[in-house]
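# take a look and give me a structure for this.
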Amino acid sequence: MNVLRIIGGLDAAAGGPSQSAVNSAIAASRAGIDTTLAYAAPRNSPPAEAAARLEGEGVAVRRFPLARLLGTRGARWGISPAMARWLAIHGKEFDIIHCHGAWQLATLVALYGGGGAKRALTPHESLTGYDIAQTRTPLMGTLKRYLKPRMVKKFDVLFFASMLEATDSMPAAAKAAVLAHPVFDERAAPPPARDGAGDKFRLGYLGRLHPKKNIPVLIEALAALPARIHLTVAGCGPAGFDETYRRLAASYGVEGRITWLGFIDGAAKEEFFASVDLLVMPSAYECFGMAGAEAMIRGVAVCVSPRTGIAGLIARRDAGRVVEPEPAALAAAIAALAENPTTLAAVARRDARAARAAYGFSAHGAALIDHYARLLGER
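Sure thing, here's the model as predicted:
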């Protein structure tokens, strides 16, 4: 089978969708699926770092320029006329066109081009009621609500990262398939050993600096915890967000207990995971929770909110803590683990076992083959 993946961009700083799309394409290629990935990028920018990784795994990569005059809006919506033209001409050469993100120009083109190709969509939260409610303008929110049922009708299958996302996105499950993102690469080198040094208990946060991530809740919880508990924040966001959070930390008197790393990737991300005792994700909503899954794979205990996709696995396997994103509840859960190293170590071990079994590349690739074959009437 010949599958085309399309995504608006591969900027790692944009968050989880680009990473999970790359991982999924690699898992598909390893499973024997002939895979091409097309993405948009700013003109004259260097190739995305992920492109070389994809090509090394046998994935054909096509890069197209974003619209010249639209700036950040063009990037947000993946607006690339060149990609749209190419897709309209070449889409019919593929058995399946698998789109990443609902509100991308290429996704809309794929619905009406591509000849007889089957169409799949991984929405990456973009069809949830939560995400649509967060749309920046009322007009755009109304447009999304109008387009959503029409878009769902035209896709042959929709892959949701968790039951939470599936339930929040579609009233009926006829076209829905829950397919967790691949996180555990069985072929990758093992992560560095956790250092475990010092008398500090280290909390970690990894992700965008965005209001839905509830970082103020985490800062307030930190203020209620003993002075030996510190926090490392890794991630970036819109201009001024980090300064706003720094001022909030100062108002609670905990600015000296927080380290701000900014955006990290590669070796710096591995060093981050090796240095923290507990990863905390008090988000208002996460359709999956990539950072939490990455921590679990590495044997780092996690604490997430109930509205996080991986919360179901954590609760079933007692592989972490699921806590309401409220300062007092969060502080109590953190304190209980910080004061009991034996419990913390047991939770971390269960984290690793559960996540490696559920989120492996090989399991994801096998599931994709099954879904694609059914889509093509081969099973």
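
# return the helix or strand in this protein with minimum mean pLDDT.
helix 71-76 (a mean of 63; mean pLDDT, DSSP states H and E).

# beyond that one, next helix or strand please.
Counting by DSSP states H and E, the next helix or strand C-terminal to helix 71-76 is helix 81-90.

# identify the residues contacting that following helix?
Residues outside helix 81-90 that contact it (C-beta atoms under 8 Å, 6 or more residues apart in numbering) are 4, 6, 38, 40, 62, 64-65, 67, 97, 105-106, 109-110, 113-114. Backbone N, C-alpha and C define where each C-beta goes, glycine included.

# wait, which of those residues is closest to Thr343?
Ile6 (45.0 Å; C-beta to C-beta).

# shouldn't that closest one be in contact with Cys99?
Yes - contact criterion C-beta atoms under 8 Å: Ile6 and Cys99 qualify, at 5.4 Å.

# and for these two, which residues touch both?
The contact lists of Ile6 and Cys99 share Ala106, Thr107, Ala110, where a contact means C-beta under 8 Å, 6+ apart.

# just confirm Gly204 is within a strand.
Yes - counting by DSSP: H, G, I helix; E, B strand; the rest coil, Gly204 is part of a strand.

# that one: neighbouring residues, count only.
Number of residues near Gly204 (other C-beta atoms under 10 Å) recorded here: 24.

# and it, what does it touch?
Here Gly204 is in contact with 231-232, 234, 272-273, 275-280, 295, 300 (criterion: C-beta under 8 Å, 6+ apart).

# quick one: it from Asp34, how far?
Applying C-beta to C-beta, to the nearest Å, the value for Gly204 to Asp34 is 39 Å.

# His90 too?
Taking C-beta to C-beta, one finds His90 at 14 Å from Asp34.

# repeat that for Phe241.
Distance from Phe241 to Asp34, by C-beta to C-beta: 41 Å.

# what's the answer for Ala363, then?
According to C-beta to C-beta, Ala363 stands 20 Å off from Asp34.

# surely Gly299 meets Ala348?
Yes - here Gly299 lies in contact with Ala348, judged by C-beta under 8 Å, at a distance of 4.9 Å.

# neighbour-wise, which of the two wins?
Neighbours were counted for Gly299 and for Ala348 using other C-beta under 10 Å; Ala348 has more, 23 against 20.

# tell me the pLDDT at the more buried one?
Looking at Ala348, its pLDDT reads 94.

# quick one, what contacts it?
Gly299, Val300, Ala301.

# next, it: phi, psi?
The phi and psi values for Ala348, taken as degrees, to the nearest 10, are phi -60, psi -40.

# out of the contacts of helix 81-90, name the ones that lie in helices.
Leu105, Ala106, Val109, Ala110 (DSSP state H).

# closest one to Pro216 out of those, please.
The closest of those, once distances to Pro216 are taken by C-beta to C-beta, is Leu105, at 34.4 Å.

# what is the burial count for that closest one?
21.

# surely it and Gly78 touch.
Yes - with contacts counted by C-beta under 8 Å, Leu105 reaches Gly78, the gap being 5.5 Å.

# what is in contact with these two at once?
Common neighbours of Leu105 and Gly78 (C-beta under 8 Å, 6+ apart) are Gly8.

# quick one, helices of the stretch 251-379 of the chain?
With helices called from DSSP state H, counting those that start in this stretch, the stretch 251-379 of the chain shows them at 267-275, 290-297, 311-317, 327-338, 341-358, 361-375.

# pick the most deeply packed of these.
Of all these, helix 290-297 has the most neighbours on average by mean count of other C-beta atoms under 10 Å, namely a mean of 28.

# now do it, average pLDDT.
pLDDT averaged over helix 290-297 gives 96.

# same deal with stretch 252-266?
Across stretch 252-266, the average pLDDT comes to 95.

# check which residues of that stretch are buried.
Tyr252, Val254, Arg257, Ile258, Trp260, Leu261, Ile264 (16 or more other C-beta atoms under 10 Å).

# tell me who's in contact with the third one.
Just to be clear, that refers to Arg257. Leu222, Ala227, Ile229, His230, Leu231.

# returning to that earlier point: in TSV, list the contacts of Gly204 along with distance to Leu337.
Converted to TSV, these look like this (distance: C-beta to C-beta, whole Å):
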residue	distance to Leu337
Leu231	14
Thr232	16
Ala234	20
Phe272	19
Phe273	17
Ser275	17
Val276	12
Asp277	8
Leu278	6
Leu279	11
Val280	10
Ala295	13
Val300	12
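
# how long is stretch 3-18 end to end?
Separation of the first and last residues of stretch 3-18 by C-alpha to C-alpha, to the nearest Å is 18 Å.

# likewise for stretch 251-260?
Termini of stretch 251-260 sit 16 Å apart (C-alpha to C-alpha).

# report the distance from it to the chain centre.
Stretch 251-260 sits 27 Å away from the centroid of its parent chain (C-alpha atoms, centre = their mean, to the nearest Å).
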